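*Asks:* pasting the sequence and the predicted coordinates here, then a few questions.
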Amino acid sequence: MIEALAAIVGPAHVLTGADTARWARDWTGDYQGAPLAVVRPACTAEVSAILRYAHENGLPVVPVSGNTGLNGGALGTGAIVVSVERMNRIRDIRPGARVAVVEAGVIVEALNTAAEEHGLIFPLSFGAAGSALIGGVLSTNAGGSNVIRYGNTRDLCLGLEVVLADGRVMDLMQALHKNNSGFDLRDLMIGAEGQLGIITAAIMKLSPRPAARATAMVAMEVLDPATDLLNDLQDASGNAVVAFEFMPRAFIDGHLEINPAAREPFDAPHPVNLLVELAGPGALGDVLEEVLARWMERGTVTDAVIAQNEAQRREMWARRESSAEISFRNPPVIDTDIAVPREDVARYLRDIEPRLRRVDPGCKVMSVAHLGDGNIHYNVWPTDPALLDALRAEIDALAMEMQGTFSAEHGVGISKLAPMARYKDPVALDVMRAIKAALDPKGILNPGKTLPEGGK
């Protein structure tokens with residue numbers, strides 16, 4: 001096997017033994033296991049040859065990008081791990097069409113930097129943007145902080161190049177905003193977590209670089225009126241809100257704990273802390289100030305700080321983007337990414353804690369949310385690791401009772417197989433398994449992830 005793979009990519013790019021350590025665990029450290037080998041192809045033809053060899057020999061293959069996932073979706077125990085990190089070329093940027101043609105190994109932040117040279121941006125924004133790769137964010141349909149304005153990764157993709165399980169290359173690389181020629185295979189591959197093929201290249205949408213930004217930290221005593229504030233800001237600014245993030249006091253305390261040099265967002269502590277950002281043309285700072293002043297006069301907003309320069313804006317964002325480090329500072333922890341209807345976020349946060357206390361009275365809880373789209377990252381530190389599954393089940397159950405989801409933006413991987421089996425419509429699961437069987441009849445692509453066992 002090693003000789004065959006080396007003949008495809010060169011001996012220097014087939015790693016075994018201790019050299020695979022970087023790929024033998026996920027970012028959280030919760031999932032660990034040694035790969036058979038790590039293969040680092042440099043082009044689509046090499047990925048095709050690897051999969052053709054694996055398919056002929058029935059060898060499991062796990063694709064990996066930046067390995068920044070939180071659910072074990074890229075764990076390659078006993079498998080050939082295919083790292084796309086060498087496939088990192090930005091093939092083309094077309095400013096007129098506002099698209100970029102990129103390979104799967106391009107870092108998200110690098111694409112944004114390249115776009116900025118043309119007065120454009122790649123608007124996908126989250127804490128791991130400096131290490132996450134395009135192939136990975138497509139495979140999980142990543143979200144982040146700007147979904148309210150720009151959508152998830154799926155909404156930012158026009159075309160794909162995908163290598164199927166048997167090595168065939170499927171070319172969907174058309175930069176079209178309208179294409180109604182049969183099944184939407186592009187969207188089928190996005191969010192599939194490498195179950196149906198390995199994404200090797202994509203055409204991604206770019207957006208104009210905002211002429212102005214207005215960013216603020218906003219304090220409230222209760223969360224319930226926050227969605228009305230969001231609507232007011234959208235109406236006043238012509239839908240210029242790009243981010244609307246919620247951080248409770250426990251999150252602020254966590255940020256200060258891991259960043260001793262960090263400052264409090266306000267002169268006094270508040271239970272509700274919102275990060276609000278508007279972007280676009282016009283005097284958005286004036287709009288933001290006028291709306292917040294009106295809400296402060298009512299007493300609903302208790303404090304507000306508007307960033308006066310880029311350094312202050314970055315300080316505000318650094319607070320929010322420390323979420324992963326805060327969440328995983330004291331394992332074991334339950335890290336979730338449920339979502340409920342936006343107007344129900346405050347009710348969810350009120351109702352979930354008593355349910356968790358019935359399971360584990362001494363557990364520690366903390367949340368942070370993309371409030372603009374209803375996505376909540378709810379974290380629990382149990383007093384007994386044996387209670388992890390029971391606590392996670394409560395978090396998922398309440399989300400489903402409120403017509404939400406147990407998986408909003410991180411993918412399913414390994415950690416969400418149980419709720420997939422419990423809550424996903426059985427017919428939908430059967431359809432997914434049928435698609436998987438049709439495209440990957442030997443089941444070699446990312447086995448043991450995403451789709452729970454069982455079914456027809």
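*Replies:* Yep, it's here.
*Asks:* distance of residue 451 from residue 443?
*Replies:* 10 Å (CB to CB, to the nearest Å). All C-beta spots, glycine's among them, are computed from the backbone N, C-alpha and C.
*Asks:* joint contacts of those two?
*Replies:* Contact criterion CB atoms under 8 Å, 6 or more residues apart in numbering; residues bridging residue 451 and residue 443 by contacting each: residue 436.
*Asks:* how is residue 75 assigned, secondary-structure-wise?
*Replies:* Following DSSP: H, G, I helix; E, B strand; the rest coil, residue 75 is assigned to coil.
*Asks:* tell me where the stretch 301-450 of the chain has strands.
*Replies:* For the stretch 301-450 of the chain, the strands defined by DSSP state E, counting those that start in this stretch cover 301-306, 334-335, 338-339, 364-370, 375-381.
*Asks:* mind checking which of residue 451 and residue 443 has more residues around it?
*Replies:* Neighbours per residue, other CB atoms under 10 Å: of residue 451 and residue 443, the larger number sits with residue 451, 23 against 15.
*Asks:* follow-up on the earlier one: so can I have JSON lines of the strands of the stretch 301-450 of the chain showing distance to residue 17, mean pLDDT and mean neighbour count?
*Replies:* Formatted as JSON lines, these follow (distance: least, CB to CB, whole Å; pLDDT from 0 to 100; neighbours: other CB atoms under 10 Å):
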{"stretch": "strand 301-306", "distance to residue 17": "52", "mean pLDDT": "98", "mean neighbour count": "18"}
{"stretch": "strand 334-335", "distance to residue 17": "31", "mean pLDDT": "94", "mean neighbour count": "21"}
{"stretch": "strand 338-339", "distance to residue 17": "39", "mean pLDDT": "98", "mean neighbour count": "24"}
{"stretch": "strand 364-370", "distance to residue 17": "39", "mean pLDDT": "97", "mean neighbour count": "22"}
{"stretch": "strand 375-381", "distance to residue 17": "35", "mean pLDDT": "98", "mean neighbour count": "23"}
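*Asks:* Serialize the ones you listed to TSV and add fields for distance to residue 94.
*Replies:* TSV is the format used below for the strands of the stretch 301-450 of the chain (distance: least, CB to CB, whole Å):
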stretch	distance to residue 94
strand 301-306	36
strand 334-335	38
strand 338-339	34
strand 364-370	30
strand 375-381	31
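*Asks:* can you tell which of the ones you listed is closest to residue 39?
*Replies:* strand 334-335 (29.6 Å; CB to CB).
*Asks:* quick one: strands adjacent to the closest one?
*Replies:* strand 375-381 (antiparallel) (DSSP bridges).
*Asks:* quick check on the residue nearest to residue 436 when sequence neighbours are not counted: phi, psi?
*Replies:* Spatially, and ignoring its direct neighbours in sequence, residue 436 is nearest to residue 195 (5.7 Å; CB to CB, 6 or more residues apart in numbering). Main-chain torsions, residue 195, degrees, to the nearest 10: phi -80, psi -30.
*Asks:* ok, residue 195 to residue 446 distance?
*Replies:* 6 Å.
*Asks:* residue 433 now?
*Replies:* 14 Å.
*Asks:* looking at the two, which one has more neighbours?
*Replies:* Neighbour comparison, residue 433 and residue 446: the larger count goes to residue 446, with 27 against 16 (by other CB under 10 Å).
*Asks:* pull the contacting residues for the nearest residue to that one once chain neighbours are set aside.
*Replies:* The shortest distance from residue 446 to any non-neighbouring residue, by CB to CB, 6+ apart, is to residue 194 (4.3 Å). Counting by CB under 8 Å, 6+ apart, residue 194 makes contact with 62-63, 73-74, 139, 445-446, 449.
*Asks:* of the residues you listed, which belong to helices?
*Replies:* Using DSSP state H, the subset of the contacts of residue 194 located in helices is residue 139.
*Asks:* a markdown table for the contacts of residue 194, including pLDDT and distance to residue 266?
*Replies:* Formatted as a markdown table, those follow (pLDDT from 0 to 100; distance: CB to CB, whole Å):
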| residue | pLDDT | distance to residue 266 |
| --- | --- | --- |
| 62 | 98 | 45 |
| 63 | 98 | 44 |
| 73 | 95 | 38 |
| 74 | 96 | 39 |
| 139 | 98 | 39 |
| 445 | 98 | 49 |
| 446 | 98 | 45 |
| 449 | 97 | 43 |
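*Asks:* specify the beta-bridge partners of the closest residue to residue 391 other than its chain neighbours.
*Replies:* Of all residues not flanking residue 391 in the chain, residue 380 sits nearest, at 5.0 Å (CB to CB, 6+ apart). Note on residue 380: beta-bridge partners by DSSP bridges are residue 334, residue 365.
*Asks:* what sits against residue 380?
*Replies:* 333-334, 356, 360, 363-365, 391-392, 395.
*Asks:* what subset of those is buried?
*Replies:* 333-334, 356, 360, 363, 365, 391-392, 395 (16 or more other CB atoms under 10 Å).
*Asks:* in three-state terms, label residue 97 for me.
*Replies:* Residue 97 - assigned by three-state DSSP - is coil.
*Asks:* for it, give me its contacts.
*Replies:* Counted by CB under 8 Å, 6+ apart, residue 97 has contacts residue 175.
*Asks:* cool, and residue 394?
*Replies:* With CB under 8 Å, 6+ apart, residue 394 has these contacts: 352, 355-356, 359.
*Asks:* before we move on, what about residue 55?
*Replies:* So residue 55 contacts 165-167, 442, 444 (CB under 8 Å, 6+ apart).
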